[in-house]
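In: Coordinates only, no sequence provided:
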């Protein structure tokens with residue numbers, strides 16, 4: 001048993017509890033129990049047990065290791081080698097601090113427990129007492145083992161795609177491309193691995209987040225900024241593993257003051273989500289006016305697509321032209337010229353066309369990254385400035401992005417204790433303001449953020465980064481990219497008018513992004529990377545604090561070489577579910593000519609037009625749900641369990657969701673069917689949108705679902721019932 005010492009203000013308090021129950025010690029909402037049935041030391045907060053520590057199975061470990069992450073165009077081969085792992089078997093406490101250590105090895109650390117009981121927040125901050133130096137200084141790996149239950153459900157982890165419930169698997173937290181196929185047993189994944197090492201796996205994602213929400217009604221988040229793993233493979237333990245180099249004793253600025261583990265506890269899972277979600281701003285009014293049509297090819301082609309769309313009844317909110325800056329030719333085909341300014345030869349008269357379309361109620365949106373093609377004049381005019389990330393040798397970092405070379409802007413915010421000003425960050429924000437906002441663009445895809453190699457270096461790193469510089473820079477770059485976009489829009493006074501959308505992120509991205517998108521799904525029906533994965537993406541982000549998201553209608557990644565091309569049915573099924581998301585936006589995909597597009601034939605345009613008309617008819621309902629996200633911090637697309645927590649089957653529905661308060665959406669996920677099995681949670685009375693049939697949940701029900709009539713139900717008691725009846729009467733067939 002560890003030694004116990006008490007500070008004077010708590011002496012009487014602790015003695016009282018020793019008399020009442022000699023093995024129980026309390027401090028605010030924290031309860032420590034010694035020598036309970038299974039634990040030498042049990043740590044609970046607000047009556048939820050988090051740690052069960054004993055010498056045979058300690059709750060905390062410390063270790064040493066080597067880390068290699070080899071970049072292959074944003075896909076990373078990771079080799080995380082553990083060279084030493086020390087069990088911290090012993091403990092002593094003087095609340096609110098607990099020391100865990102290994103006396104034989106002479107290493108350990110101190111946990112400082114801070115709490116906000118009114119908010120249900122419990123924070124663990126780690127420090128390293130002088131008594132463990134110098135032995136502890138070489139350590140750079142940490143493990144925390146939390147109590148788990150076999151029937152526990154785990155959600156979140158950022159933007160996940162394959163599984164909504166993370167229980168039973170290990171999730172490396174490393175920003176990267178999501179991969180193509182994302183299933184090691186699939187042919188697509190195997191081909192992509194063989195060609196580009198880019199097949200991915202169930203856990204690979206643009207937006208991994210070292211956080212999760214448990215059905216035991218708590219949420220935990222790590223703000224350490226290097227590599228993590230969330231390991232749920234054991235039934236009775238949830239493990240958080242992370243990298244962090246112990247600072248040198250007395251090193252000025254060596255401690256990460258913002259690094260900690262935070263645990264939130266609330267009576268319901270919805271209240272947890274409301275705590276985690278900061279409330280993204282409401283969307284611009286123009287977004288609700290129809291679909292954002294992704295097209296390319298120049299001004300005349302863009303306008304022709306727009307005219308064709310209008311003639312077929314397609315409601316158009318905006319045009320998205322990712323090639324606004326021009327095109328280059330590579331062996332992979334034509335690519336966008338990453339020279340972030342208008343190319344008047346490729347899009348003649350675009351400056352005046354933007355104004356004309358705006359007067360007609362149609363916005364124009366574009367594309368940008370934090371990288372610049374070295375062949376472009378935007379890069380060349382700034383090439384000799386100190387604006388760029390460097391490599392380990394102090395030279396400008398140059399990367400091959402697929403037969404073109406880019407420099408990457410050093411957009412890292414200087415640490416708070418620094419007097420530095422990052423002129424590169426200021427320059428790039430001004431570029432966004434002048435070349436996009438002042439030009440009249442109403443939004444853009446702010447792409448990438450995952451490709452920063454661990455050998456990259458920033459001029460503006462915090463001193464505590466130390467040996468972890470490359471890992472921290474890689475993990476935080478996408479979050480800084482979100483912040484740069486947010487600041488540029490805010491400084492221009494355009495927040496609420498401009499919508500930028502992003503795929504990559506981390507724990508702070510939910511604060512700075514105004515819209516997420518699911519990334520580059522394959523143009524197919526696979527659960528690991530196709531249409532179904534975009535639904536899991538939205539719901540996992542909802543559980544991670546991001547309440548606004550959407551996906552590329554029809555997916556993005558395909559290959560005509562081995563038959564992976566978008567079908568008409570896939571495009572329309574994806575479209576009919578996307579009308580029940582905050583944004584409808586199409587993408588031509590990486591092989592536009594091979595994929596079925598909204599403009600491929602008149603029948604597709606008419607069917608797609610009808611769906612956009614339903615989307616605009618739902619405008620006020622969607623706006624209300626978006627307002628709830630902004631003001632009440634309730635995501636627009638909600639896993640069923642958030643609203644039906646007492647229905648155990650609701651926790652098993654990965655592909656159904658509540659859209660706002662009253663609509664249940666169950667997208668059709670396989671081709672060639674005209675009916676679909678739906679789970680209706682309860683107790684609740686549901687009405688089928690297309691037939692007015694009334695059903696009592698909980699219930700499994702097979703509903704007629706021909707193309708164009710997605711399985712959608714609404715609460716019979718809904719205040720929006722008249723709107724839903726109007727949709728049925730207007731758009732039924």
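Out: Happy to help now that I have it. Please read these numbers as outputs of a predicted model, since none were measured by experiment. Residues are numbered from 1 along each chain as shown.
In: For stretch 699-715, give me every contacting residue.
Out: Stretch 699-715 is contacted from outside by 569, 572-573, 576-577, 580, 607, 610-611, 661-668, 673-680, 682, 684-691, 695, 720-721, 724, 732-733, using Cβ atoms under 8 Å, 6 or more residues apart in numbering. The C-beta positions use only the backbone N, C-alpha and C, and glycine is treated the same way.
In: and it, which residues are buried?
Out: 701, 703, 705, 708, 709, 710, 711, 712, 713, 714, 715 (16 or more other Cβ atoms under 10 Å).
In: Name the nearest residue to residue 239, ignoring sequence neighbours.
Out: The shortest distance from residue 239 to any non-neighbouring residue, by Cβ to Cβ, 6 or more residues apart in numbering, is to residue 231 (4.1 Å).
In: contacting residues for residue 618?
Out: 579, 580, 723, 727.
In: Those residues in strands, which ones?
Out: Using DSSP state E, no member of those sits in strands.
In: any idea which of the residues you listed is closest to residue 102?
Out: Taking Cβ to Cβ as the measure, residue 102 sits nearest to residue 580 out of those, at 54.0 Å.
In: quick revisit: residue 212 is in contact with the residue nearest to residue 239, correct?
Out: No - with contacts counted by Cβ atoms under 8 Å, residue 231 stays clear of residue 212, the gap being 10.8 Å.
In: between the contacts of residue 618, which is nearest residue 114?
Out: Nearest to residue 114 out of the contacts of residue 618 is residue 580 (Cβ to Cβ; 41.4 Å).
In: Could you report the neighbour count for that closest one?
Out: A count of nearby residues for residue 580, using other Cβ atoms under 10 Å, gives 24.
In: pLDDT score for it?
Out: pLDDT, residue 580: 99.
In: swap in residue 188?
Out: Residue 188 is assigned 96 on the pLDDT scale.
In: Quick check: it touching residue 180?
Out: Yes - between residue 188 and residue 180 there is a contact under Cβ under 8 Å: 6.3 Å.
In: Overlap in contacts, those two.
Out: Joint contacts of residue 188 and residue 180 (Cβ under 8 Å, 6+ apart) are 199, 522, 529.
In: Now do the helices in the stretch 251-400 of the chain.
Out: 269-276, 299-311, 350-359, 377-382 (DSSP state H, counting those that start in this stretch).
In: Export those helices as a markdown table, with columns for mean neighbour count, mean pLDDT and distance to residue 151.
Out: What follows is the helices of the stretch 251-400 of the chain, written out as a markdown table (neighbours: other Cβ atoms under 10 Å; pLDDT from 0 to 100; distance: least, Cβ to Cβ, whole Å):
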| stretch | mean neighbour count | mean pLDDT | distance to residue 151 |
| --- | --- | --- | --- |
| helix 269-276 | 21 | 98 | 15 |
| helix 299-311 | 16 | 98 | 50 |
| helix 350-359 | 15 | 98 | 54 |
| helix 377-382 | 15 | 98 | 55 |
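In: got TSV for those, with distance to residue 105 too?
Out: As requested, those are exported to TSV (distance: least, Cβ to Cβ, whole Å):
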stretch	distance to residue 105
helix 269-276	37
helix 299-311	66
helix 350-359	66
helix 377-382	51
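In: Figure out which of the ones you listed is closest to residue 537.
Out: When the helices of the stretch 251-400 of the chain are compared by Cβ to Cβ, helix 269-276 sits nearest residue 537, at 16.1 Å.
In: what does that closest one rub up against?
Out: Residues contacting helix 269-276 (Cβ under 8 Å, 6+ apart): 119-120, 211, 213, 215, 217-219, 221, 264-266, 510, 542-545, 632-635, 641-643, 645.
In: for it, the distance to its chain's centre please.
Out: Relative to its chain's centre, helix 269-276 lies at 16 Å (Cα atoms, centre = their mean, to the nearest Å).
In: do stretch 608-622 as well
Out: On the basis of Cα atoms, centre = their mean, stretch 608-622 sits 26 Å off its chain's mean C-alpha point.
In: Please enumerate the helices of the stretch 101-250 of the chain.
Out: For the stretch 101-250 of the chain, the helices defined by DSSP H, counting those that start in this stretch cover 187-196.
In: shaky segments in the stretch 451-600 of the chain?
Out: Judged against pLDDT under 70, the stretch 451-600 of the chain has no low-scoring part.
In: just so I know, which of the helices of the stretch 251-400 of the chain lies nearest residue 390?
Out: Of all these, helix 377-382 sits nearest to residue 390, with 14.7 Å by Cβ to Cβ.
In: contacts for the closest one?
Out: Residues outside helix 377-382 that contact it (Cβ under 8 Å, 6+ apart) are 339, 340, 341, 372, 373, 374, 406, 407, 427, 431.
In: cutoff 7 Å now
Out: Helix 377-382 has contacts (Cβ atoms under 7 Å, 6 or more residues apart in numbering) with 339, 340, 341, 372, 373, 407, 427.
In: Name the SS class of residue 725, please.
Out: Three-state assignment for residue 725 (DSSP: H, G, I helix; E, B strand; the rest coil): helix.
In: May I have the predicted confidence score for the residue nearest to it when sequence neighbours are not counted?
Out: In space, and not counting its chain neighbours, residue 725 is closest to residue 692: 7.7 Å by Cβ to Cβ, 6+ apart. Looking at residue 692, its pLDDT reads 96.
In: Could you tell me how many residues sit around residue 692?
Out: Count around residue 692 with other Cβ under 10 Å applied: 12.
In: helix/strand/coil for it?
Out: Assigned by three-state DSSP, the conformation of residue 692 is coil.
In: where's it relative to residue 713, distance?
Out: Here the criterion is Cβ to Cβ, to the nearest Å. By it, residue 692 lies 11 Å from residue 713.
In: can you check residue 158 too?
Out: Residue 158 is 29 Å from residue 713, by Cβ to Cβ.
In: before we move on, what about residue 416?
Out: Here residue 416 is placed at a distance of 50 Å from residue 713 (Cβ to Cβ).
In: So residue 258 sits against residue 222, correct?
Out: No - using Cβ atoms under 7 Å, residue 258 is not in contact with residue 222, being 11.2 Å away.
In: Looking at the two, which has the bigger crowd around it?
Out: Remark: of residue 258 and residue 222, residue 222 carries more neighbours, 24 against 13, as counted by other Cβ under 10 Å.
In: got a list of what the residue nearest to that one when sequence neighbours are not counted touches?
Out: Closest residue in space to residue 222, ignoring its immediate chain neighbours: residue 210 at 4.0 Å, by Cβ to Cβ, 6+ apart. Contact analysis of residue 210 by Cβ under 7 Å, 6+ apart lists 173, 221, 222, 228, 230, 242, 507.
In: again, 8 Å this time
Out: Residues near residue 210 by Cβ under 8 Å, 6+ apart: 173, 221, 222, 224, 228, 230, 240, 242, 507.
In: measure it to residue 261 for me?
Out: On the measure of Cβ to Cβ, residue 210 and residue 261 end up 9 Å apart.
In: between these two, what contacts are shared?
Out: Shared contacts of residue 210 and residue 261 (Cβ under 8 Å, 6+ apart): 221, 222, 240.
In: and the nearest residue to the first one once chain neighbours are set aside, how many neighbours?
Out: When the adjacent residues along the chain are set aside, residue 221 lies closest to residue 211, with 3.8 Å between them (Cβ to Cβ, 6+ apart). One way to gauge burial is a neighbour count; for residue 211, by other Cβ under 10 Å, it gives 26.
In: So residue 211 versus residue 709, what's the distance?
Out: The spacing between residue 211 and residue 709, counted by Cβ to Cβ, is 38 Å.
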